[in-house]
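Enquirer: Give the three-dimensional model of this entry:
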Amino acid sequence: MQRATKRLESETFDLLVIGGGIHGAALAREAATRGLSTALVEQADFCSGASANSLKIMHGGLRYLQQADVPRVLQSIRERAILLRTAPHLVRPMPCIMPTQGLGMKSRPALALGMLANDILSATRNRGLPPSRHIPNGGTFSRKECLRQLPWLKDSGVTGGARWYDALAQDTERLAIALLKSADAAGAALANYTKAETFIVEHGRVTGVTVRDALDGRTFPVQARTVVNAAGPWSPELLDGIARPLPPGVNLALAINLVVKNWPVTESAVGLQSAVNPRLFFFVPWRGATMAGTYYRAHTGPLSDMRVTEADITSYLEMINTCLPGVRLTPDDILTVQAGILPTQGVFKEGCEPVMLRHFQFTDHGKQGGPAGLYSVLGVKYTTSRAAAEIAIDSIVRRSGLCAGPSVTRQAAMTGGDTPDAARLPAELRAARPSLKGKDAERLATLYGTEAAAIVKRAQENLTTTASSEDAMLQAEIGFVLEGEMPQSLGDLLFRRMGTANAGKPDPQHVRDCARIMGSNRGWDTEREAREVKAVLDAPHLWQAGCHPITK
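Expert: Got it, this is the predicted structure:
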């Protein structure tokens, strides 16, 4: 996967996607694998906006049972299974528990009925999946068992607990990269750090976009028969003056997740309600820490005004500290602040749970007074992003007269996911390189799937030129990423490719080692290397207690 700016300048595409988050990546893969000539441009790095900041849970739709939205439940169950099948290295089952209490909707009998209904609706959820990716049945358990798993609740009124299983995406940024590499393999032309600036409109129809290459400053047109806006919260800025930026009734909210230490670590994700307001928070075990989410507040104004302030952090900690008696998190316990702007339905009311978009929004701007050939896709869910892309491409093909084949993304493995059982990959890597530590084999297998074998092979070859086995492996991994995944900065490499800086401040020596290897490959001088290292270690979302309000 290489930056295809020459192709962008010289070809006319069937479809141009603007935005390299999860929905843009899914659209590019869907279109390219159906035979459409496809291009995608992203103004920053791939998956560096709101898509980089999620709780990593691939939901099976259990929450939608409360709303009696059975079609959405069934879609979520199906799409979760597709992710487990097509990206099994990145997505795996995860137990979730929630304490039960009282006699109402949160009581043990009520949740037992919910678990049963969910199991019935998802009876075929494991069809075609290896046992390591099966989703077990849900159920409820006693107060004694609940307190065994969550002893901090012993003085509360819990009557037991409910357990169900969803799926955890180990690294959502790499999930987006896998989608993009799949699109690239199918012929798509992709480029990060390429900003769409103005639409080219001829005779009432969009025929392309003028883009600016942030790396060399050049501006050039990209010609396309249809254009899909997947810029998410950047849509108002992108569509200003040419089309309605957001669907009616849709507003924007700032969403924040925290990665924290000193929270009781469990094997399960735990749903707990705050005593400050009715908001439900989930606490997800992740990379030796805990991810807590989600906090929301309204966002107005341009995206450049997005700020996570000390007041946000204070309010957030106040809420989650009431979830478990005796636990008192402070700003010193925060490892990472993850923030992004998301679309909501209706007017945001302070103190109330915001209503995220229940369904993705597909807009044909030509039917709403805008230019023909321009479409928008807006959504909030990783789980159903593939389905949104399939539905959107179906609609675009039907309306535009483009010739496309049937969708193959329900079955076709993403890049790295072509294995009968991803659970075997770590052992296979260690068999190929016995000196590889178990945790390192697990990490490589999780992030790269079947592509990890190429990294291990490359490390073996590097041993002839380096005395250190660890340095040979680091050089192999970084070299693999630099050659085929388009990182342009050290931050791209560490935050969105290797994932070594996502769960807290990374080891400075590791950062310097990576900068040395990347700098040697890219021809950086010592001053550039130092700037890149500083940019990573001073990244604003790597929280430090007592810092000024942070901007991301």
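Enquirer: Can you classify residue 471 as helix, strand or coil?
Expert: helix (DSSP: H, G, I helix; E, B strand; the rest coil).
Enquirer: Tell me which residues touch residue 472, please.
Expert: Listed by C-beta atoms under 8 Å, 6 or more residues apart in numbering, the contact set of residue 472 reads 459-460, 462-463, 466. (Glycine included, C-beta is placed from N, CA and C.)
Enquirer: Check the closest residue to it other than its chain neighbours and give its pLDDT.
Expert: In space, and not counting its chain neighbours, residue 472 is closest to residue 462: 3.8 Å by C-beta to C-beta, 6 or more residues apart in numbering. Per-residue pLDDT puts residue 462 at 83.
Enquirer: wait, residue 462 sits on residue 476?
Expert: Yes. Counting by C-beta atoms under 8 Å, residue 462 does reach residue 476; the two are 5.5 Å apart.
Enquirer: Give me the more crowded residue out of these two.
Expert: Shown here are residue 462 and residue 476; by other C-beta atoms under 10 Å, residue 476 has more neighbours (23 against 18).
Enquirer: mind checking the SS state of that one?
Expert: Strictly by three-state DSSP, residue 476 counts as helix.
Enquirer: same deal with residue 290?
Expert: Strictly by three-state DSSP, residue 290 counts as strand.
Enquirer: which ones are touching it?
Expert: 259-261, 263, 265, 283-284.
Enquirer: What of residue 326?
Expert: residue 152.
Enquirer: how close does it get to residue 155?
Expert: Distance, residue 326 to residue 155, using C-beta to C-beta, to the nearest Å: 8 Å.
Enquirer: try residue 58
Expert: In terms of C-beta to C-beta, residue 58 sits 34 Å off from residue 155.
Enquirer: more neighbours, those two?
Expert: The residue with more neighbours, out of residue 58 and residue 155, is residue 58; 29 against 8, by other C-beta under 10 Å.
Enquirer: about what we covered before: contact partners for the residue nearest to residue 472?
Expert: Neighbour list for residue 462: 471-473, 475-476 [criterion: C-beta under 8 Å, 6+ apart].
Enquirer: got any ranges where the stretch 401-550 of the chain has weak pLDDT?
Expert: Within the stretch 401-550 of the chain, the ranges that satisfy pLDDT under 70 run 466-467, 544-550.
Enquirer: can you give me the helices for it?
Expert: For the stretch 401-550 of the chain, applying DSSP state H, counting those that start in this stretch gives helices covering 425-432, 438-448, 452-462, 469-484, 490-496, 508-522, 526-537.
Enquirer: export the last one as PDB, just CAs?
Expert: Spelled out, it's helix 526-537. Output of helix 526-537 as PDB, limited to C-alpha atoms (Å, rounded to 0.1, in the frame of the first residue of the first chain):
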ATOM      1  CA  THR A 526      19.100  14.500  13.700                       C
ATOM      2  CA  GLU A 527      17.000  17.600  14.100                       C
ATOM      3  CA  ARG A 528      14.000  16.000  12.400                       C
ATOM      4  CA  GLU A 529      14.400  12.800  14.500                       C
ATOM      5  CA  ALA A 530      14.400  15.000  17.700                       C
ATOM      6  CA  ARG A 531      11.200  16.800  16.600                       C
ATOM      7  CA  GLU A 532       9.500  13.500  15.800                       C
ATOM      8  CA  VAL A 533      10.400  12.100  19.200                       C
ATOM      9  CA  LYS A 534       9.200  15.200  21.000                       C
ATOM     10  CA  ALA A 535       6.000  15.300  19.100                       C
ATOM     11  CA  VAL A 536       5.200  11.700  20.300                       C
ATOM     12  CA  LEU A 537       6.300  12.200  24.000                       C
END
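Enquirer: residues making contact with that helix?
Expert: Under C-beta under 8 Å, 6+ apart, the answer for helix 526-537 is 489-491, 494-495, 501, 505-506, 508, 511-512, 515-516, 518-519, 524.
Enquirer: Any of these buried? List them.
Expert: Using 16 or more other C-beta atoms under 10 Å as the burial test, the contacts of helix 526-537 include 489-491, 494-495, 501, 505-506, 511-512, 515-516, 518-519, 524 as buried.
Enquirer: farthest pair in those residues?
Expert: The span of these, defined through C-beta to C-beta, is set by 505 and 524 at 22.5 Å.
Enquirer: According to the record, where do the domains of this structure fall?
Expert: Per automatic domain parsing, the structural domains of the chain span 5-51+173-249+358-400, 251-345, 422-537.
Enquirer: quick one: which of those domains is nearest residue 89?
Expert: Smallest distance to residue 89 across the domains of the chain (C-beta to C-beta): 3.4 Å, for domain 422-537.
Enquirer: Sheet partners, orientation included, of the strand or helix carrying residue 198?
Expert: Assigned by DSSP states H and E, residue 198 falls within strand 194-202. Pairing partners of strand 194-202, with direction, according to DSSP bridges: strand 205-213 (antiparallel).
Enquirer: Quick one: residues in contact with the partner strand.
Expert: So strand 205-213 is contacted by 5, 8, 12, 16, 18, 41, 191, 193-201, 218-227, 366, 371-374 (C-beta under 8 Å, 6+ apart).
Enquirer: thinking again about what came up before, can you list the buried residues in the strand holding residue 198?
Expert: Buried, per 16+ other C-beta under 10 Å, within strand 194-202: 194-196, 199-201.
Enquirer: mind listing the strands for the stretch 1-150 of the chain?
Expert: Assigned by DSSP state E, counting those that start in this stretch, the strands in the stretch 1-150 of the chain fall at 12-18, 38-41, 57-58, 91-101, 139-142.
Enquirer: How about the stretch 301-450 of the chain?
Expert: Going by DSSP E, counting those that start in this stretch, the stretch 301-450 of the chain shows strands at 307-308, 334-345, 361-364, 374-378.
Enquirer: and the ones you listed as CSV, adding distance to residue 163 and mean neighbour count?
Expert: Compiled in CSV, the strands of the stretch 301-450 of the chain are given as follows (distance: least, C-beta to C-beta, whole Å; neighbours: other C-beta atoms under 10 Å):
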stretch, distance to residue 163, mean neighbour count
strand 307-308, 33, 18
strand 334-345, 26, 21
strand 361-364, 34, 19
strand 374-378, 34, 26
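Enquirer: between those strands, which gets nearest to residue 355?
Expert: Closest among those, once you apply C-beta to C-beta, is strand 334-345, at 4.5 Å.
Enquirer: Enumerate every residue touching the closest residue to residue 50 other than its chain neighbours.
Expert: With C-beta to C-beta, 6+ apart as the criterion, residue 50 has its nearest non-adjacent residue at 2.9 Å, and that residue is residue 340. Listed by C-beta under 8 Å, 6+ apart, the contact set of residue 340 reads 49-53, 233, 254-255.
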